[in-house]
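Asker: what follows is a predicted protein model with its sequence.
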Amino acid sequence: MPDFCYMVNFKHYFEATGERARILLDGFSKIQNRRKSSLQVALSPLDLNLSNAAGNISFLAQHVDPVGYGAYTGKISMESLIERGIHGSLLNHSENRIPPEQIISTVKHADDLGFNITLCLENMGEIEKYVGVTPRYIAYEPRELIGGNISVSTARPDVIENAARLCSKFDVDLLVGAGIKNSGDVEKSFELGAKGVLVASGVVKAQDPLGALNSLMSIQ
Ligand code: G3P
């Protein structure tokens, strides 16, 4: 699975912010050195300065607004992220949902700049609605499974298969997330057609986060 994408969302977990995030990234970077798959980390906005801490990891923001430079208090500017070497962002995560028109304008703004949007969606209806907007990735994450112990690959295999088929018609890569904890969940996701996984608590809240990532990424 050389092109498989492992995306880890640090959220605002205590274990993955500030100096603790920097230490985690140091370990992630060593793990990534031994892998062929791509490793991406979504940082808290307060920690985006860590994006130059590990050259072999791609970093993304957890949210972005469709604005450049100017009078945009509190917004996260795409142009400003790009200037800092960050070329992607999550969008519309279940914990930070945005209105439909903002999804469309943000993906359009990203297209114009070659910026990679990972559009988070909760069900097949939403995937059908937005696949034609063609973000770089669609991340299918059923809200009710996020942070739990039942993996999306176990609970919603039929949705993953249908979503993967639909996304491939539009040349959009499908990621799946929610409850992913081990390499079996990753393998199943891959078999169902996903091009990557989006994971948070299974790594960040694990007793041994580096061991957890290492074992997730053992599927190559
Ligand atoms: O963005 C990833 C996330 O929402 C999945 O969370 O803790 O179920 O891996 P978790």
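Answerer: Yep, it's here.
Asker: does stretch 147-166 come close to the ligand?
Answerer: Yes - using Cβ under 6 Å from any ligand atom, stretch 147-166 reaches the ligand at G147. Heads up, the C-betas are built off the backbone N, CA and C, glycines and all.
Asker: stretch 173-185 now?
Answerer: Yes - residues of stretch 173-185 contacting the ligand under Cβ under 6 Å from any ligand atom: 177-180.
Asker: with pLDDT as extra columns, can I get the residues you listed in TSV?
Answerer: Output for those, formatted as TSV (pLDDT from 0 to 100):
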residue	pLDDT
G177	98
A178	98
G179	98
I180	97
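Asker: adding distance to D112, secondary structure and neighbour count, write the residues you listed out as JSON lines.
Answerer: Shown next, in JSON lines, are the residues of stretch 173-185 next to the ligand (distance: Cβ to Cβ, whole Å; DSSP: H, G, I helix; E, B strand; the rest coil; neighbours: other Cβ atoms under 10 Å):
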{"residue": "G177", "distance to D112": "27", "secondary structure": "strand", "neighbour count": "28"}
{"residue": "A178", "distance to D112": "31", "secondary structure": "coil", "neighbour count": "29"}
{"residue": "G179", "distance to D112": "35", "secondary structure": "coil", "neighbour count": "23"}
{"residue": "I180", "distance to D112": "32", "secondary structure": "coil", "neighbour count": "27"}
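Asker: in this protein, what residue is nearest the ligand?
Answerer: At 3.1 Å from the ligand, S201 is the closest residue in the chain, using Cβ to the nearest ligand atom.
Asker: what residues are up against the closest residue to that residue other than its chain neighbours?
Answerer: Nearest non-adjacent residue to S201, counting by Cβ to Cβ, 6 or more residues apart in numbering: G147, 5.3 Å away. Going by Cβ atoms under 8 Å, 6 or more residues apart in numbering, G147 touches 178-179, 200-201.
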